[in-house]
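> Whatever this is, show me its structure:
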Amino acid sequence: KYFFKLTGGGKATLSLENPENPFAGGVDMIVQFPMKPAIVVSGTSGGERSVAAVAFLFAIKDFSPASFYIFDEVDAHLDPFHTSRLADLLVEESEKAQFIVITLKPEMVNKAQKVYGVYARNGVSHVVSARFLEVQS
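Below is the predicted model:
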């Protein structure tokens, strides 16, 4: 379900490398992005692997939830479309857990509930914060 949400229609499955003897092999992740054929995730681009990895992390989260998660530039290899989809998913999932995301992408920052910026001046780090509120129409 998370891969579908992040890609806008793709699907991903896990498959045993050795079904006859499951402990003698690993697990393959098979991904199919919209309008593309299914492929083992190791054969995809860095951005596509990032999408698959994030979807897998969210699936694990459903199985064994934590109260907060820290993602350090998880969107580094994502294009604007997938970064925006991930930001939407984080907003949706933030009702169940807290997410701390380090990012340089405006698509992610624009959908954040609270933003902290860190900058250096004269060798000293400074922190600024901003809270974004929804405006009632």
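> Grab the most central residue of this structure for me.
residue 54 (3.9 Å; CA atoms, centre = their mean).
> how about the helices in this structure?
With DSSP state H as the definition, the chain shows helices at residue ranges 2-7, 46-63, 80-93, 106-109.
> Restricting to C-alpha, output the last one in CSV.
What follows is helix 106-109 as a C-alpha-only set of coordinates in CSV (Å, rounded to 0.1, in the frame of the first residue of the first chain):
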residue,chain,number,x,y,z
PRO,A,106,11.4,22.5,-0.8
GLU,A,107,8.7,20.0,-1.6
MET,A,108,9.3,18.5,1.8
VAL,A,109,9.7,21.7,3.7
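> I'd like the mean pLDDT over it, please.
Average pLDDT, helix 106-109: 92.
> Excluding chain neighbours, what is closest to residue 102?
Counting by CB to CB, 6 or more residues apart in numbering, the nearest residue to residue 102 once its immediate chain neighbours are dropped is residue 72, at 4.6 Å. C-beta: built from backbone N, CA, C; applies to glycine.
> Just name the most buried of the helices of the chain.
When neighbours are counted by mean count of other CB atoms under 10 Å, the highest per-stretch mean among these falls to helix 2-7, a mean of 20.
> you'd agree residue 32 is up against residue 39?
Yes: the criterion here is CB atoms under 8 Å, and residue 32 meets it with residue 39 at 7.4 Å.
> give me the number of residues near residue 112?
By the measure other CB atoms under 10 Å, the count of residues near residue 112 is 18.
> Also residue 122?
Other residues within reach of residue 122, judged by other CB under 10 Å, total 5.
> And for residue 103?
Per other CB under 10 Å, the neighbour tally for residue 103 reads 20.
> same deal with residue 45?
Other residues within reach of residue 45, judged by other CB under 10 Å, total 11.
> coming back round to it: residue 99 versus the residue nearest to residue 102, what's the distance?
Between residue 72 and residue 99 the distance, using CB to CB, to the nearest Å, works out to 12 Å.
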